[in-house]
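>>> Fold the following for me, if possible:
(chains A and B)
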Amino acid sequence: MIKIRIKRFHAAREPQSLEQEWEVKEGATLLESLTEIKCRKDPTLTFRSGCRSSVCGSCAVRVNGKEVLACAYKPKDGDLIEPRRFAPLIKDLVVDEKESFRTIERASGWLERFDQEAVVTPDDEKRTERQSDCILCHSCYSACPVLEVNPAFLGPFALTRVWRYVADPREGDSKTKIDTIQKDGVWDCTLCGECTMVCPQGIDPKNDILMLRARSTQMGHSDPNMGNFGSFGLDF
Amino acid sequence: MVDVLIIGGGGAGLCAALAAREAGAKVAVLGKTYPTRSQTSMAQGGINAALGNAEEDSIEAHIADTLKSSHGLGSEERIRRLCENGPDAIAWLERLGTPFSRIEGGKVAQRRLGGASAKRACYAQDYTGLKMLHTLYDASLGRGITFYDEYFMLNYIVEDGRVLGVTAIELGSGEVKAIGAKSVVVASGGYGGIYRGFTTNSSASTGDGVAAAMRAGAVLSDMEFIQFHPTALKGSGVLISESARGAGGYLLDSRGERFVDELKPRDEVAAAIWEQLEKEEEVYLDIRHLGERFIEEHLPQERKLAILYEGVDPVRDLLPIKPVAHYTMGGIEVDDRHMTKVEGLFAAGECANAYIHGANRLGGNSLLETVVFGREAGESAAAFAGQNGDRVTASSVQYERDRAFVSAVAGFTNQIDFYEKRDFLGKIFYRNVGILRSEMGLKGVLAAVRQMQKELPFMGIVDKSREFNTNLTEFIEFGNMLELAETILVGAIGRNESRGAHRRADFAQENDEKFYGVHSLSWKEDGVLCNEFGGME
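This next block holds a predicted model:
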């Protein structure tokens, strides 16, 4: 047996936040351990779960400050389990994901116009195979430090999604897509790579954002931050 | 008020939503999870369509394979409709941007799954369902479909035999709400969750929409037909895709010898494995000879899960497996427009029984059904809403009743732990209502299920809070599962023959004289379960 600590939250309880320690079996996944606690010891413990096999994206939490899928992580003695960041807490490990899910809509993360003539070769498909492996677990969103300073930032997964469609030969209107992600989008990223570090699917949103920046420049957009430097007369 | 309300945001639900939207309806999708977390995300193998991209194939061959596998319980007419629309379904998914795997020249890649006479399953690596589902979700967002995410549906609101909306708990706030609609499509998935601990399904597959449909006046059919997937990981029941065998994987017994043709239909392979396990033998999946490169390219998920749950790397070692509940063929009876016995209530996908899979589903046909029949149901629901849109609810009886029920649950005495009973239900279902059944075992489980139904008021919840109360929703799910468990058992006891996935040790043969084309039916009259075999002479 090992001990894990779980950060709990309940708005109607005093105190609202507390840290609890539980004994769990070594070698079990974190999701199995959470389920065991809920079914055998404390049915009030609240978390999301679904497929148990890392495709539904329900169960991402933070362990010792790093995002993991509870179903794909085996806890170690002393681990601290917390909810994900940049979303209002609802209860225990469950956060309100409405706004973060809405980034897909704000970024127009879909095929804008189907190009009937397009041919998708195996190479084309391979180019965004990884990006379309995304399970929307929100790990990258929780890990992104930009959201700490700019809550309106579209965030890593929505931008990866946009790149997956922009890079698809079937997209007949990539201009509209690129225009949509200029504000609070590609240029707000600091390229720190935290998102890439935590993605359970091995997706590299940072690189996707770089690709989107290159495409933006080709389409006549420019980095607004660079513009600022110019206007302050740094080009003496 | 919306025109069409869809219950469940998986493959069938989103296809219905998109089709109803295309038909001009105002559409909302309500589900207990976010759409991308639905069971569809777990479908790996592929979606069937006789495109003939990889080798010669035909619609007729697709029909023949499906009909054969249904063992006399599939409708040739409906199967024909499904198979004929296969190529169009792929073209439609293509237009939405689904990232299918490709062959040279840009055609969609296809592979062979068990029971198929050709390479017919279009796929996206081993993420077919995931990529299809996410593409459908993106497209739905782009077309102005409203989402009620994390709303747990309780009941349909029905007046004079016509559906007028649903009641649901908004999970975040814990409030019970009534949502009106001119027509409703239920696409809430199957009931494989009854086999808890012995199923590949998500823990959310608890048949809520099916149980509620029966309470609302719909008829359920063929509930006893449950497909067992031959290859799930021994410890956890996590799925290893059929494509592992499709690509040439072997099944080996304890002595390391093959004992069954791995590409036979799932019911036959599962039964052969069960026979080994009953002899206390081990059964292994062997894919070592496929090579690391092939496995990394085509079965990366499988490798990852095997290492995580079994501590076995299938590139180097034999993978211990067992067959577990995978897909529920039975469900809500629908007519040719996919409408249930309740006027305005349509059903599509795993929750429905559209007489496609019959006694045994072929791999790759369920995703096809979600697309073809999901879209058809959406169109029918939009048409119905257009023609019958002026009626609204006259009373709030259902809403008051469900709100009262939810508050009453907090007062249940909780002397019996329902989580323990839920595990117990899974275990006795797997042992006795699993791959090989017999009258004595089935009757024993039926008695246990009826006892648990009586005990529900002595169960209850510990968490009395309003916000995101999963203790409460899991209890309601358990109640739904118990309601459906009874229909499965009554069907399985009455069907004293073996047919497809329903195998009886005491009646080992198909009895065509008595049961060919005969469907078990279940419905409720004044809260009492009624059953009969439809079409029996």
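>>> the longest helix in chain A is where?
Across chain A, the longest stretch assigned as helix under DSSP state H is helix A:205-218.
>>> Just the CA atoms of it, as CSV, please.
Taking Å, rounded to 0.1, in the frame of the first residue of the first chain, the C-alpha atoms of helix A:205-218 are listed here in CSV:
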residue,chain,number,x,y,z
PRO,A,205,0.8,22.1,-30.0
LYS,A,206,3.8,24.5,-29.9
ASN,A,207,4.9,23.3,-33.2
ASP,A,208,1.4,23.5,-34.6
ILE,A,209,1.2,27.1,-33.5
LEU,A,210,4.6,27.8,-35.2
MET,A,211,3.1,26.3,-38.4
LEU,A,212,0.0,28.5,-38.0
ARG,A,213,2.3,31.6,-37.5
ALA,A,214,4.1,30.8,-40.7
ARG,A,215,0.8,30.4,-42.6
SER,A,216,-0.4,33.7,-41.0
THR,A,217,2.6,35.6,-42.2
GLN,A,218,2.1,34.1,-45.7
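>>> So that helix, near chain B or not?
No: counting by Cβ under 8 Å from any Cβ of the partner chain, chain B has no neighbours in helix A:205-218; the shortest distance is 14.5 Å. Quick note: C-beta positions are derived from backbone N, CA and C, even for glycine.
>>> other SSEs contacting that helix?
helix A:156-166, helix A:174-180, helix A:194-198 (3 or more Cβ pairs under 8 Å, 6 or more residues apart in numbering or on different chains; DSSP states H and E).
>>> of all these, which gets the most neighbours per residue?
The highest mean neighbour count among the helices and strands packed on helix A:205-218, using mean count of other Cβ atoms under 10 Å in any protein chain shown, belongs to helix A:156-166: a mean of 27.
>>> That one near chain B at all?
Yes: for helix A:156-166, a contact with chain B is found by Cβ under 8 Å from any Cβ, at A:161, A:164-165.
>>> Next, count neighbours for residue A:23.
By other Cβ atoms under 10 Å in any protein chain shown, the residues close to residue A:23 number 11.
>>> just to revisit the earlier point, now the residues of helix A:156-166 next to chain B as TSV including distance to residue B:480 and pLDDT?
Below are the residues of helix A:156-166 next to chain B laid out as TSV (distance: Cβ to Cβ, whole Å; pLDDT from 0 to 100):
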residue	distance to residue B:480	pLDDT
A:161	34	98
A:164	37	98
A:165	38	98
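>>> and these as JSON lines, adding distance to residue B:68?
Converted to JSON lines, these look like this (distance: Cβ to Cβ, whole Å):
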{"residue": "A:161", "distance to residue B:68": "41"}
{"residue": "A:164", "distance to residue B:68": "39"}
{"residue": "A:165", "distance to residue B:68": "40"}
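>>> how is the chain carved up into domains?
Just so you know, I chose chain A. Split into domains by automatic domain parsing, chain A comes to A:2-95, A:98-226.
>>> Please refer instead to chain B.
Domains of chain B are assigned by automatic domain parsing as B:1-39+B:146-225+B:329-528, B:229-325.
>>> List the single closest residue to residue A:11 in space, sequence neighbours excluded.
Of all residues not flanking residue A:11 in the chain, residue B:467 sits nearest, at 6.8 Å (Cβ to Cβ, 6 or more residues apart in numbering or on different chains).
>>> Tell me where chain A has helices.
Using DSSP H, the helices of chain A run over residues A:30-36, A:98-106, A:122-127, A:139-143, A:146-149, A:156-166, A:174-180, A:194-198, A:205-218, A:224-231.
>>> Same question for the stretch 401-537 of chain B.
B:418-432, B:439-455, B:470-494, B:512-515 (DSSP state H, counting those that start in this stretch).
>>> And the ones you listed: which comes nearest residue B:87?
Residue B:87 lies closest, by Cβ to Cβ, to one member of those: helix B:512-515, at 33.2 Å.
>>> and the closest one, how far out from the chain's middle?
Its chain's average C-alpha position is 27 Å from that of helix B:512-515, according to Cα atoms, centre = their mean, to the nearest Å.
>>> Could I get the average pLDDT for that helix?
Taken as a whole, helix B:512-515 has an average pLDDT of 97.
>>> Phi and psi next, for residue B:498.
phi -110, psi 130 (degrees, to the nearest 10).
>>> so it makes contact with residue B:506?
No: using Cβ atoms under 8 Å, residue B:498 is not in contact with residue B:506; the gap is 9.4 Å.
>>> Of those two, which one has the most company?
Neighbour count, other Cβ under 10 Å: between residue B:498 and residue B:506, residue B:498 has more, with 23 against 14.
>>> sorry, back to before: can you tell me which of the domains of chain B is packed in deepest?
Mean neighbour counts for these (mean count of other Cβ under 10 Å) peak at domain B:1-39+B:146-225+B:329-528, with a mean of 22.
>>> That one: end-to-end distance?
With Cα to Cα, to the nearest Å as the measure, domain B:1-39+B:146-225+B:329-528 spans 33 Å from end to end.
>>> Under the pLDDT cut-off, which ranges of the chain? List them.
The chain I'm using is chain A. A:227-236 (pLDDT under 70).
>>> Unless I'm misreading it, the residue nearest to residue A:11 sits right up against residue A:10, doesn't it?
Yes: Residue B:467 lies in contact with residue A:10 (Cβ under 8 Å); the separation is 7.5 Å.
>>> which residues are in contact with both of these two?
residue A:91 (Cβ atoms under 8 Å, 6 or more residues apart in numbering or on different chains).
>>> Can you get me a residue count around residue 101?
Picked chain A for this. Residue A:101: 22 surrounding residues under other Cβ under 10 Å.
>>> that's the wrong chain, I meant chain B
22.
>>> can you pull the contacts of it?
Contact analysis of residue B:101 by Cβ under 8 Å, 6+ apart lists A:122, A:125, B:108-109, B:123-125.
>>> Could you save the residues you listed as JSON lines and add columns showing neighbour count and secondary structure?
Putting the contacts of residue B:101 into JSON lines (neighbours: other Cβ atoms under 10 Å in any protein chain shown; DSSP: H, G, I helix; E, B strand; the rest coil) gives the following:
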{"residue": "A:122", "neighbour count": "16", "secondary structure": "helix"}
{"residue": "A:125", "neighbour count": "21", "secondary structure": "helix"}
{"residue": "B:108", "neighbour count": "24", "secondary structure": "strand"}
{"residue": "B:109", "neighbour count": "20", "secondary structure": "coil"}
{"residue": "B:123", "neighbour count": "28", "secondary structure": "coil"}
{"residue": "B:124", "neighbour count": "26", "secondary structure": "coil"}
{"residue": "B:125", "neighbour count": "22", "secondary structure": "coil"}
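>>> Could you single out the nearest of these to residue B:475?
For the contacts of residue B:101, the nearest to residue B:475 is residue B:124 (37.1 Å; Cβ to Cβ).
>>> Okay, and the residue nearest to the closest one when sequence neighbours are not counted sits in which element?
Spatial nearest neighbour of residue B:124, excluding adjacent residues (Cβ to Cβ, 6+ apart): residue B:131 at 4.2 Å. In the assignment (DSSP states H and E), residue B:131 maps to helix B:128-142.
>>> Taking their axis directions, that helix and helix A:156-166 sit at what angle?
Calculated by axes from the mean of the first three to the mean of the last three Cα atoms, to 10 degrees, helix B:128-142 forms an angle of 90 degrees with helix A:156-166.
>>> Direction included, what does whichever helix or strand comes after helix B:128-142 pair up with?
Next along the chain after helix B:128-142, taking DSSP H and E as the criterion, comes strand B:146-149. In the sheet, strand B:146-149 lines up against strand B:27-31 (parallel) (DSSP bridges).
>>> Just the CA trace of the partner strand, in PDB.
In PDB, the C-alpha atoms belonging to strand B:27-31 read as follows (Å, rounded to 0.1, in the frame of the first residue of the first chain):
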ATOM      1  CA  VAL B  27     -31.300  21.300 -32.900                       C
ATOM      2  CA  ALA B  28     -29.900  20.700 -29.400                       C
ATOM      3  CA  VAL B  29     -27.900  17.700 -28.100                       C
ATOM      4  CA  LEU B  30     -28.100  16.700 -24.500                       C
ATOM      5  CA  GLY B  31     -25.800  14.300 -22.800                       C
END
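>>> Having no further points to raise, I will conclude here.
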